[in-house]
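[1] All I have is the shape, not the residue letters:
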């Protein structure tokens, strides 16, 4: 009996120790148990990391259907994107540390550092005490050149997680200062949202970056003229759209594209020690927030064009290059299918849209300023809806929705109702604009569920050195760990 008691006491001690040991590990490590992130093969010299912000399977599938519709009269023709034919495909979960629906700061932190954090936190742990090192920072320390490219402002959450560590993604000035401190070799695309601080009373972050050795170019001609002799670069256009971002591709015309910035980055970064380049299609997310399908698919196509530049480089260096393409989360609850079209889709209809919701908003504002709060008439807009959106067949229900939303758009945005009904209808966007795109999308067979993000899993595509590691199902933190291990970087 005494021996049995001793044995039970000993067993209890062992079990207690095991519980304490297991509980000492972060929960995210336990969640990822069984996922293979180890890599022992050849290290790539060149690594491309493409992140389509807000890009999930609905955005990808919709773009493939849209491309097929453009290239053929066959309504069942679907045309693959450059990355959807990659030999290695996986799927990643996207939840943050505190919610199943992540924001871009938490998702970006996971994709850049391999660690979970709470929404709104940038490159730090949920307590806001520990700074996580990104793979870009590690690559720079290793001697590789580093480039960060985005179609939104370069201080936005996804690009920022690769070089900044802030308790809030809203600390834009501090993020801008971190950009210059990073020592990275190439920043391009959008500009800075707050280069002189929220009160515009701080030293200009771009001037500080210039003092630290950066050459700043902001014309298309100067961007295209850059050479390796120019050293560290910050490149953006003076003709930026709202929020210091590049134009939506549907509005871009002949301005510098995301593909142009990617191609120039490859030229400037190529060197004997190799490079790491992250390219974000950031405005996919913004178009989805506004539930604008035509603008969304055009920006996915622009993102795909940037990936094609990496593939052209890959063709010359197939045994030295890794390309990874994924998204950080899905936005808008976009889906292929709408109740009104049942089992059919008509994606050719969204090809008739010739401008983004953002540009259409400008026309609505001008009209509001001209006619005043009570002077709106839907008849004034029918020719515009026909010419710019292809909306020539409007039902009585369509016209009723358009009339109501036009009246709502005539109210000063600062005085509009903030009630639940207004949000469910318009999501805080220009009422007439979002109603127009909703009607067009629904006629095409495209639905939306939210003006925010969703919590669905996101596909991952990989080609090149170590690409086979991305097959299977895993967490977004594992995407970062896989890339780090393939590059020979030490996850900490």
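    Cool, got the structure. This is a predicted model, so every value here is computed, not measured.
[2] how much distance is there from the helix or strand containing residue 49 to the middle of the chain?
    Per DSSP states H and E, residue 49 falls inside strand 46-52. From the chain centre to the centre of strand 46-52 is a distance of 12 Å (CA atoms, centre = their mean, to the nearest Å).
[3] what sits up against it?
    Contacts of strand 46-52 from elsewhere in the structure, counted by CB atoms under 8 Å, 6 or more residues apart in numbering, are 59, 83, 108, 111, 135, 139, 158, 270, 274-281, 284, 300, 303, 306-307, 310, 313, 317, 320-328, 483, 486-487. The way it works is simple: take the backbone N, C-alpha and C, and place the C-beta from them, glycine included.
[4] downstream neighbour of it in the secondary structure list?
    Counting by DSSP H and E, the next helix or strand C-terminal to strand 46-52 is helix 57-71.
[5] list the buried ones in that next one?
    Using 16 or more other CB atoms under 10 Å as the test for burial, helix 57-71 gives 57-69.
[6] again with stretch 440-451
    So, applying 16+ other CB under 10 Å, buried residues of stretch 440-451: 440-448, 450-451.
[7] which one of those residues is nearest residue 212?
    residue 451 (39.1 Å; CB to CB).
[8] ok, that closest one to residue 350 distance?
    Per CB to CB, to the nearest Å, residue 451 is found 19 Å from residue 350.
[9] most centrally placed residue in the chain?
    The residue lying closest to the centre of the chain (CA atoms, centre = their mean) is residue 53, at 1.5 Å.
[10] Give me the nearest residue to that one, chain neighbours excluded.
    Nearest residue to residue 53, sequence neighbours excluded (CB to CB, 6 or more residues apart in numbering): residue 285, at 3.8 Å.
[11] Isn't the one you found up against residue 104?
    Yes: the criterion here is CB atoms under 8 Å, and residue 285 meets it with residue 104 at 7.1 Å.
[12] Contact partners for the residue nearest to residue 177 when sequence neighbours are not counted?
    Nearest in space to residue 177, with sequence neighbours left out and distances taken as CB to CB, 6+ apart, is residue 205 at 5.5 Å. Going by CB under 8 Å, 6+ apart, residue 205 touches 173, 176-177, 179-180, 192, 195-196.
[13] can we see that at 10 Å?
    Applying CB atoms under 10 Å, 6 or more residues apart in numbering to residue 205 gives the contacts 155, 172-180, 192, 194-197, 234.
[14] closest to residue 96 among the residues you listed?
    Closest to residue 96, out of all of these and judged by CB to CB, is residue 175, at 18.9 Å.
[15] And for the closest one, the neighbour number?
    29 (other CB atoms under 10 Å).
[16] Spell out which helix or strand contains residue 312, please.
    Going by DSSP H and E, residue 312 is in helix 293-316.
[17] What average pLDDT does that helix get?
    When pLDDT is averaged along helix 293-316, the result is 98.
[18] Show me what the helix or strand following it is packed against.
    Downstream of helix 293-316, the first helix or strand assigned by DSSP H and E is strand 321-327. Helices and strands touching strand 321-327, as assessed by 3 or more CB pairs under 10 Å, 6 or more residues apart in numbering; DSSP states H and E, comprise strand 46-52, helix 57-71, strand 88-93, helix 104-113, strand 275-281, helix 293-316, strand 458-464, helix 476-487.
[19] Just the terminal-to-terminal distance for stretch 317-331.
    34 Å (CA to CA, to the nearest Å).
[20] So which bits of that stretch are buried?
    By neighbour count on 16+ other CB under 10 Å, the buried set for stretch 317-331 is 320-331.
[21] likewise stretch 341-359?
    345, 347, 349-350, 352-353, 355-359.
[22] Residue 248: which of those is nearest?
    Among these, and counting by CB to CB, the member closest to residue 248 is residue 356, at 4.1 Å.
[23] if we can go back for a sec, ok, now which ones touch the residue nearest to the centre of the chain?
    Here residue 53 is in contact with 104, 107-108, 150-152, 156-159, 280-286, 288, 299, 303, 327-329, 331 (CB under 10 Å, 6+ apart).
[24] could you measure it against residue 172, distance?
    Taking CB to CB, one finds residue 53 at 17 Å from residue 172.
[25] And residue 158, by the same measure?
    14 Å.
[26] picking that back up, ok, the strand holding residue 49: who's next to it in the sheet?
    With DSSP bridges as the test, strand 46-52 is paired with strand 275-281 (parallel), strand 321-327 (parallel).
[27] Any buried residues in the helix holding residue 312, and which?
    So helix 293-316, judged by 16+ other CB under 10 Å, has buried residues 293-311, 313-314.
[28] between that helix and strand 275-281, how big is the angle?
    Taking axes from the mean of the first three to the mean of the last three CA atoms, to 10 degrees, one finds helix 293-316 and strand 275-281 inclined to each other by 160 degrees.
[29] how far does helix 293-316 sit from the chain's center?
    13 Å.
[30] which stretches of this structure have low pLDDT?
    Scanning the chain for pLDDT under 70 picks out 1-34, 492.
[31] Show me the domain layout of it.
    Domain assignment of the chain by automatic domain parsing yields the ranges 46-334+452-487, 339-447.
[32] got JSON lines for those, with distance to residue 39 too?
    Putting those into JSON lines (distance: least, CB to CB, whole Å) gives the following:
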{"stretch": "domain 46-334+452-487", "distance to residue 39": "4"}
{"stretch": "domain 339-447", "distance to residue 39": "39"}
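[33] Of these, flag the one that's most buried.
    For those, average neighbour numbers computed from mean count of other CB atoms under 10 Å are highest in domain 46-334+452-487, which has a mean of 21.
[34] show me the contacts for the residue nearest to residue 468 when sequence neighbours are not counted.
    Once flanking residues are discounted, residue 468 sits nearest to residue 88: 5.6 Å by CB to CB, 6+ apart. If you count contacts by CB under 10 Å, 6+ apart, residue 88 has them with 324, 460-464, 466-472.
[35] Now for those: which two are most distant?
    464 and 472 (17.5 Å).
[36] now residue 195, what's its secondary structure?
    Following DSSP: H, G, I helix; E, B strand; the rest coil, residue 195 is assigned to coil.
[37] Assess the claim that it and residue 210 are in contact.
    No: counting by CB atoms under 10 Å, residue 195 stays clear of residue 210, with 11.6 Å between them.
[38] tell me, what's touching those two both at once?
    Counting by CB under 10 Å, 6+ apart, the residues touching both residue 195 and residue 210 are residue 204.
[39] Overlap of the contact sets of residue 285 and residue 104?
    By CB under 10 Å, 6+ apart, the residues touching both residue 285 and residue 104 are 53-54, 152, 156-158, 328-329, 331, 453.
[40] ok, these vs residue 411, which is closest?
    residue 331 (26.8 Å).
[41] and the gap between that closest one and residue 446?
    Distance from residue 331 to residue 446, by CB to CB: 14 Å.
[42] what sits in contact with each of the two?
    By CB under 10 Å, 6+ apart, the residues touching both residue 331 and residue 446 are 58, 291, 296.
[43] measure the second one to residue 306 for me?
    Looking back up the chat, that one is residue 291. 24 Å.
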